[in-house]
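Peer 1: Take a look and give me a structure for this.
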Amino acid sequence: MIDGALRFTIDQITHGDWLRLLRAFDGVRPLDSAVASVGCGLEDMRPLLDESLEAGLLEVVPGAVTAAN
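Peer 2: Residues are numbered from 1 along each chain as shown. Purely as a prediction, here's the structure:
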């Protein structure tokens, strides 16, 4: 915790795909499109997506999800 806020460090070497996927999210682009733009597999990202959703770090934008369901 820094200045009352949680901050996360994502290692670009070990979690490069995850970092690129997070940067691809814009609240409009469907999940399958964001994953395709990064060039990684949805199943590879699923554990990190699930953990981030459960922790409230990410949220589902209604209407933006297509192939992920």
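Peer 1: ok, which stretches of this protein are strands?
Peer 2: For the chain, none of the segments meets the definition of strands by DSSP state E.
Peer 1: quick one: low-confidence parts of the chain?
Peer 2: The model of the chain has pLDDT under 70 over residues 1, 64-69.
Peer 1: which one is the spatially most central residue of it nearest to, not counting chain neighbours?
Peer 2: By C-alpha atoms, centre = their mean, the chain has its centre lying nearest to Leu22, at 4.2 Å. In space, not counting the residues next to it along the chain, Leu22 is nearest to Ile10; the distance is 7.4 Å by C-beta to C-beta, 6 or more residues apart in numbering. C-beta coordinates here come from the backbone N, C-alpha and C atoms, glycine included.
Peer 1: Identify the residues contacting that neighbour.
Peer 2: Trp18, Leu19, Leu22 (C-beta atoms under 8 Å, 6 or more residues apart in numbering).
Peer 1: In this structure the second one contacts Phe8, no?
Peer 2: To tie it back to what came earlier, the one meant is Leu19. No. If you go by C-beta atoms under 8 Å, Leu19 and Phe8 don't touch, sitting 10.6 Å apart.
Peer 1: Those two: which is more packed in?
Peer 2: Here Leu19 and Phe8 are compared on neighbour count by other C-beta atoms under 10 Å; more neighbours surround Leu19, at 15 against 7.
Peer 1: residues contacting the more buried one?
Peer 2: Counting by C-beta under 8 Å, 6+ apart, Leu19 touches Ile10, Gln12.
Peer 1: With Ser33 as the reference, measure out to Asp44.
Peer 2: Separation of Asp44 from Ser33 (C-beta to C-beta, to the nearest Å) stands at 16 Å.
Peer 1: Look at Gly63 and say how many residues are nearby.
Peer 2: Gly63 has 8 neighbouring residues, counting by other C-beta under 10 Å.
Peer 1: what does the longest helix along the chain rub up against?
Peer 2: Counting residues, the longest helix in the chain under DSSP state H turns out to be helix 42-54. Contacts of helix 42-54 from elsewhere in the structure, counted by C-beta under 8 Å, 6+ apart, are His15, Asp17, Trp18, Leu21, Leu31, Asp32, Val35, Leu58, Glu59, Val60, Ala67, Ala68.
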